[in-house]
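[1] Just to be clear, the model below is a prediction. Sequence and coordinates:
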Amino acid sequence: MSQAAPDAEPNFLQNSMPAVLFLLLAPLLVWWYLSRPTGLPTPLEVNIPTGMTAHDIGLLLKEKGLVRNATIFSWTARLHGQSEDLEAGIYLLNGTLTTPEILRELLKAPLQLRRVTIPEGLTSQQIAQVLAQNGLADSARFVALAHDKDFARRLGLDAPSAEGYLFPQTYMFNRTTTEEEIIRRMVEEFDKVFTPPLYARLDSLKLTRHQAITLAAIVEREAVVQQERPLIAGVFLGRLEKGIMLESCPTVEYALGYHKEHLDNTDLQVDSPYNTYMYPGLPPGPIANPGQAAIQATLFPVRTDYLYFVARGDGTHVFSRTNEQHEAAKRSIRARL
């Protein structure tokens, strides 16, 4: 009689051990993989509203590319006994952290962010003053960095400074945010606004991006009424094509370094490449930081045979085709005022 039967059970167990080990280890491997960093390097502000559960927070983090799996996040919080410790607030996170590390960051106190609005048409110096007034930057350091050619190059700008590319809008900054980070964030917002359709317009206007932003800054400072922006852009483009001096007062103010309600003949003689009463063509760079509407108007101007305009005093302008008409318009406005 064969004696093989008693050996059958040990052989079966021995042969099935790899499968058992795989079944035991597979969930751990999946857990490890789904807890790995996503690799998103850019820090993101994550706003967690009141009342969110750990799973809700996991879904939010997954949507922003900060964790690989929402369920893994919620179970990590639960297994650590910290799912009830997560608080509402604004947090600065990036995808270079594992899920447990993300959890630890969320268990710290939320950031105290300050809202600051940067209006359209400010210079870098004026933006620095706004930030300083809100306790967010050292104004001198901000201006120095904004005009640092090497820093501009590191930001990916084909320009001698960040002037013109500090996009005006409402921002949320933490008090610990550095001047470098603020400028970088503003330039990133500019890059989001200057979309491929706008790049496509540059060739038809025979402008580089830097030239377009330089002109947009002039349009921003000249225009008060929204609907006049494309027409003012058209006037300046017409003057450039005909080789006529731009003669824009805001460029003289930039050369002077301060605002004047009324410029006199002495002001118009200031020797600066930014003075478009003395030097032909566009100035070497933007005189301000234009908003989206001014950029859009510059790249989609109204084609016109107007070559002159003068302010009425109510935010609108009188447009003229000839210098004689322009001078008559100025006399009429002076007489009325």
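    On my side now, so go ahead.

[2] For the rest of this, base every contact and every neighbour count on C-alpha atoms.
    OK.

[3] How about the contacts made by the residue most central in space within the chain?
    In the chain, the residue lying closest to the centroid (Cα atoms, centre = their mean) is residue 189, at 1.5 Å. By Cα atoms under 8 Å, 6 or more residues apart in numbering, the contact set of residue 189 is residue 167.

[4] and the nearest residue to residue 85 once chain neighbours are set aside, how many neighbours?
    Setting aside the residues directly before and after it, residue 85 is nearest to residue 107 in space (Cα to Cα, 6 or more residues apart in numbering), at 7.0 Å. Neighbour count for residue 107, taken as other Cα atoms under 10 Å: 15.

[5] per-residue pLDDT, residue 107?
    For residue 107, the pLDDT comes out at 89.

[6] shaky segments in the protein?
    For the chain, the stretches flagged by pLDDT under 70 are 1-24.

[7] Can you classify residue 200 by secondary structure?
    Per DSSP: H, G, I helix; E, B strand; the rest coil, the local secondary structure of residue 200 is helix.

[8] And it, how far from residue 209?
    10 Å (Cα to Cα, to the nearest Å).

[9] Neighbour count for those two, which is higher?
    residue 209 (19 against 11).

[10] Quick one: residues contacting the more buried one.
    199, 202 are the contacts of residue 209 under Cα under 8 Å, 6+ apart.

[11] so how far is residue 123 from it?
    18 Å.

[12] Please apply the same query to residue 203.
    From residue 203 to residue 123 the distance is 27 Å (Cα to Cα).

[13] tell me which residues of the helix or strand hosting residue 78 are tucked away?
    Using DSSP states H and E, residue 78 maps to helix 70-79. Within helix 70-79, the residues that qualify as buried are 70-77, counting by 16 or more other Cα atoms under 10 Å.

[14] got a markdown table for those residues, with distance to residue 167 too?
    Formatted as a markdown table, those follow (distance: Cα to Cα, whole Å):
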| residue | distance to residue 167 |
| --- | --- |
| 70 | 34 |
| 71 | 38 |
| 72 | 38 |
| 73 | 35 |
| 74 | 37 |
| 75 | 41 |
| 76 | 40 |
| 77 | 39 |
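
[15] mind listing the strands for the stretch 51-200 of the chain?
    89-93, 113-117, 170-174 (DSSP state E, counting those that start in this stretch).

[16] Tell me which of these sits most buried.
    strand 89-93 (a mean of 19; mean count of other Cα atoms under 10 Å).

[17] Now that one - C-alpha only, PDB.
    The C-alpha trace of strand 89-93 is given here as PDB (Å, rounded to 0.1, in the frame of the first residue of the first chain):
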ATOM      1  CA  GLY A  89      -8.900  76.800   7.600                       C
ATOM      2  CA  ILE A  90      -6.400  77.600   4.800                       C
ATOM      3  CA  TYR A  91      -3.300  75.400   4.500                       C
ATOM      4  CA  LEU A  92      -0.300  75.500   2.300                       C
ATOM      5  CA  LEU A  93       0.500  72.000   0.900                       C
END
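
[18] So what touches it?
    Outside strand 89-93, the residues touching it (Cα under 8 Å, 6+ apart) are 43-50, 66, 102, 105-106, 110-113.

[19] among those, which are in helices?
    102, 105-106 (DSSP state H).

[20] Weed out the non-buried ones from these.
    Judged by 16+ other Cα under 10 Å, buried ones among the ones in helices among the contacts of strand 89-93: 102, 106.

[21] For the ones in helices among the contacts of strand 89-93, give me a markdown table that also has distance to residue 292.
    Formatted as a markdown table, these follow (distance: Cα to Cα, whole Å):
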| residue | distance to residue 292 |
| --- | --- |
| 102 | 35 |
| 105 | 35 |
| 106 | 35 |
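
[22] List just the nearest of the ones in helices among the contacts of strand 89-93 to residue 137.
    Nearest to residue 137, judged by Cα to Cα, of the ones in helices among the contacts of strand 89-93 is residue 105 at 25.0 Å.

[23] residues touching the closest one, list them.
    By Cα under 8 Å, 6+ apart, the neighbours of residue 105 are residue 93.

[24] Residue 292 too?
    Counting by Cα under 8 Å, 6+ apart, residue 292 has contacts residue 193.

[25] Residue 175 now?
    112-114, 135-136.

[26] again, only using 10 Å
    111-114, 134-137 (Cα atoms under 10 Å, 6 or more residues apart in numbering).

[27] Out of the residues you listed, which comes closest to residue 310?
    residue 134 (36.4 Å).

[28] Identify the residue spatially nearest to the closest one, adjacent ones excluded.
    Nearest one to residue 134, counting by Cα to Cα, 6+ apart, is residue 116 at 7.3 Å.

[29] thought that neighbour was touching residue 182?
    No: counting by Cα atoms under 10 Å, residue 182 is not a contact partner of residue 116; they are 11.4 Å apart.

[30] Pull up the overlap in contacts between those two.
    Counting by Cα under 10 Å, 6+ apart, the residues touching both residue 116 and residue 182 are 131, 136, 171-173.

[31] Dump the residues you listed into JSON lines; add distance to residue 25 as well.
    JSON lines is the format used below for the shared contacts of residue 116 and residue 182 (distance: Cα to Cα, whole Å):
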{"residue": "131", "distance to residue 25": "54"}
{"residue": "136", "distance to residue 25": "50"}
{"residue": "171", "distance to residue 25": "47"}
{"residue": "172", "distance to residue 25": "45"}
{"residue": "173", "distance to residue 25": "44"}
